[in-house]
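1. predicted model and sequence below, questions to follow.
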Amino acid sequence: MNDVKVSINTGEIRKLQSLLIWLASLIVIGLGVYLTLINFYNIEWLTRSGCIVVLLGIWSGMSGIIEERVLTSRFDVQRRIALSRAKLKLRKINAPEEYIEKEIESIELEYEQKMEKLRDNVRLQLGMVEVSLLMTGTFLWGFGDLFFKVIL
């Protein structure tokens, strides 16, 4: 009787977003290296690019939180629709109250398990991108000037 179908997939969207954020970060870092090499305004720019990478990491984290909220609300709507359909179907066939309760509990349990899996997936992807950006940006921000003093 339980025919729960969930069609929320975040894998491809999240991977594209991660790649775009990292691409933007690499462009910012490259621009910081270039501006430092040409001595633009007589300022060291690599450390400033590290600051921008940190900001991209924070932005990535905030967008991940918003994405999780949106997916949770979509998932909740699907759960409510599934519950309504199941209740309607069971009432049409005059199912006993105990059977209706069991069916509703099984739908709720299945949705809870799928929701936890979805949240874990989003949080894992979010954490990997966010932490890697924050670590890279902080390192450049703190030690970017040494790169040019030691290497060049």
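-> Done, it's in.

2. low pLDDT regions in this structure?
-> For the chain, the stretches with pLDDT under 70 are 1-14, 152.

3. longest helix of it?
-> Longest helix in the chain, counting residues (DSSP state H): helix 97-151.

4. helix, strand or coil for the residue of the chain most remote from its centre?
-> Most distant residue from the mean C-alpha position of the chain: N94, 43.7 Å away (C-alpha atoms, centre = their mean). Three-state call for N94 (DSSP: H, G, I helix; E, B strand; the rest coil): coil.

5. how close does it sit to G127?
-> In this view, N94 and G127 are 49 Å apart by C-beta to C-beta, to the nearest Å. The C-beta positions use only the backbone N, C-alpha and C, and glycine is treated the same way.

6. returning to that earlier point: quick check: the gap between the residue farthest from the centre of the chain and S84.
-> With the distance defined as C-beta to C-beta, N94 ends up 18 Å from S84.

7. check which helices and strands the longest helix of the chain is in contact with.
-> Helices and strands touching helix 97-151, by 3 or more C-beta pairs under 8 Å, 6 or more residues apart in numbering; DSSP states H and E, are helix 11-37, helix 46-92.

8. can I get those in JSON lines including mean neighbour count and distance to W141?
-> Shown next, in JSON lines, are the helices and strands packed on helix 97-151 (neighbours: other C-beta atoms under 10 Å; distance: least, C-beta to C-beta, whole Å):
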{"stretch": "helix 11-37", "mean neighbour count": "15", "distance to W141": "10"}
{"stretch": "helix 46-92", "mean neighbour count": "16", "distance to W141": "3"}
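
9. just put those in a markdown table and tack on distance to E112.
-> Converted to a markdown table, the helices and strands packed on helix 97-151 look like this (distance: least, C-beta to C-beta, whole Å):
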| stretch | distance to E112 |
| --- | --- |
| helix 11-37 | 21 |
| helix 46-92 | 9 |
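
10. nearest to N121, of those?
-> For N121, the closest of those is helix 11-37, at 7.5 Å, according to C-beta to C-beta.

11. got the angle between that closest one and helix 46-92?
-> 170 degrees (axes from the mean of the first three to the mean of the last three C-alpha atoms, to 10 degrees).
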